[in-house]
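> Next input, structure requested:
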Amino acid sequence: MTGTVVKSTGSWYVVRDAATEQLYRCRLRGKFKIKNLKVSNPLAVGDLVTFEPEQQAEGAAVITHIAPRRNYIVRRSVHTTGHAHIVGANLDQALLVVTLVSPTTSFGFIDRFLVTAEAYHIPVVLVFNKADLLDADGLAYQEEIAGMYRSLGYGSCACTASTGAGVEAVDALLDGKTSLLSGHSGVGKSTLINALVPDLDIKTAEISQFSDKGVHTTTFAEMLEVRPGTYIIDTPGIKELGIVDIKPAELAGYFPEMRALLNQCRYHNCQHVHEPGCAVREAVDAGRMALPRYDSYLSMLADDDNRH
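Next up is the predicted model:
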């Protein structure tokens, strides 16, 4: 039997059967856990798996095979130093919910997310929420930021999830896709999901009854059905999105506006910090590359913590 992992609690996984849509509470056969992957979770929401029902318990099963991933997105593991945590797998796109106020999402946080998505070939759309809290100047600034990212190939839309304004535009972006929904705690991601997913309480309760009953578990992520063929993967608010497995020499290649200039620097190993004849620094000085993006690059290169 084959299916998709729709929830992970670290020890148990809820899998939706591809043929019947029935949910199974699965455990992973031990051998997968010793694969030489430096990740804290061998299996992620969105993974396609083969599983075998267990005879002694109805609705229980054992996962016997994990299909190769089309893509995935990771962050640094909070629990295990030096390891990555797979946030979601087999994604069509990622939607990053950002807010300019209450709380303010920093450029550093946005750009780290974009770099990670670039590294794993996942398109990103920025969803600017809480537009109702902005005055005319704030809305103009939001459009300026959205325009900067649009010029780099990143789509965007604006909404106020609490009133439903603009939510239909977000819904249209999701149609027919599996989308990861991410963002800082407090940006209104849960409110947006409530507006997007019909009967959300019923769906989450149904999935929850297959996880560890009566045990407080940290849910890493959960896949929710918006409608048949359209799914969102809800992730816990990410406080820390560390760049994983990207070497300093490769970092500029994940900034689209820098990627176009890389063969124009005087030195082939230019790191675009203080080297003479650097095409990237010339572009920043001339206003062809946005200063906040360049600042984000320097911060990531130094591995500073500007994620908050």
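> which SS state does Gly108 fall under?
When classified by DSSP: H, G, I helix; E, B strand; the rest coil, Gly108 comes out as helix.
> can you count the residues close to it?
19 (other CB atoms under 10 Å). Just so you know, the C-beta spots here come from the backbone N, C-alpha and C atoms, and that holds for glycine as well.
> Could you do the one 3 residues further on as well?
Here the count is done by other CB under 10 Å, and Asp111 has 24 residues near it.
> Then Cys278?
By the other CB under 10 Å criterion, the neighbourhood of Cys278 contains 20 residues.
> Would you confirm that it contacts Cys265?
Yes - proximity of Cys278 to Cys265 meets the contact threshold set by CB atoms under 8 Å, at 5.2 Å.
> what about the residue nearest to Arg281 when sequence neighbours are not counted, distance to Ala252?
Once flanking residues are discounted, Arg281 sits nearest to His272: 6.1 Å by CB to CB, 6 or more residues apart in numbering. Here His272 is placed at a distance of 6 Å from Ala252 (CB to CB, to the nearest Å).
> Which one's more surrounded, the two?
Just comparing His272 and Ala252: by other CB under 10 Å the higher neighbour count belongs to His272, 23 against 20.
> did I read that right, the residue nearest to Arg281 in a helix?
No - His272 sits outside any helix when classified using three-state DSSP, being coil.
> separation between it and Val115?
His272 is 14 Å from Val115, where distance means CB to CB.
> hang on, the earlier thing: need the residues touching each of Cys278 and Cys265.
Shared contacts of Cys278 and Cys265, defined by CB atoms under 8 Å, 6 or more residues apart in numbering, are found at His272.
> just checking, Asp234 touches Gly183?
No - checked against CB under 8 Å, the pair Asp234 and Gly183 is beyond contact range at 10.3 Å.
> Quick check: neighbours shared by those two?
By CB under 8 Å, 6+ apart, the residues touching both Asp234 and Gly183 are Lys189.
> list the contacts for the residue nearest to Arg281?
Applying CB under 8 Å, 6+ apart, the residues contacting His272 are Ala252, Met258, Cys265, Cys278, Val280, Arg281, Tyr297.
> Contacts only, for the nearest residue to Arg150 once chain neighbours are set aside.
The spatially closest residue to Arg150, leaving aside those adjacent along the chain, is Ser156, at 6.1 Å (CB to CB, 6+ apart). Taking CB under 8 Å, 6+ apart as the definition of contact, the neighbours of Ser156 are Val125, Leu126, Val127, Phe128, Ala146, Tyr149, Arg150.
> just the buried members of those?
The neighbour-count test (16 or more other CB atoms under 10 Å) applied to those identifies Val125, Leu126, Val127, Phe128, Ala146, Tyr149 as buried.
> And the longest helix anywhere in the chain, what's buried?
With DSSP state H setting the assignment, residue counts place helix 136-150 as the longest helix in the chain. For helix 136-150, a neighbour-count test (16+ other CB under 10 Å) marks Gln142, Ile145, Ala146, Met148, Tyr149 as buried.
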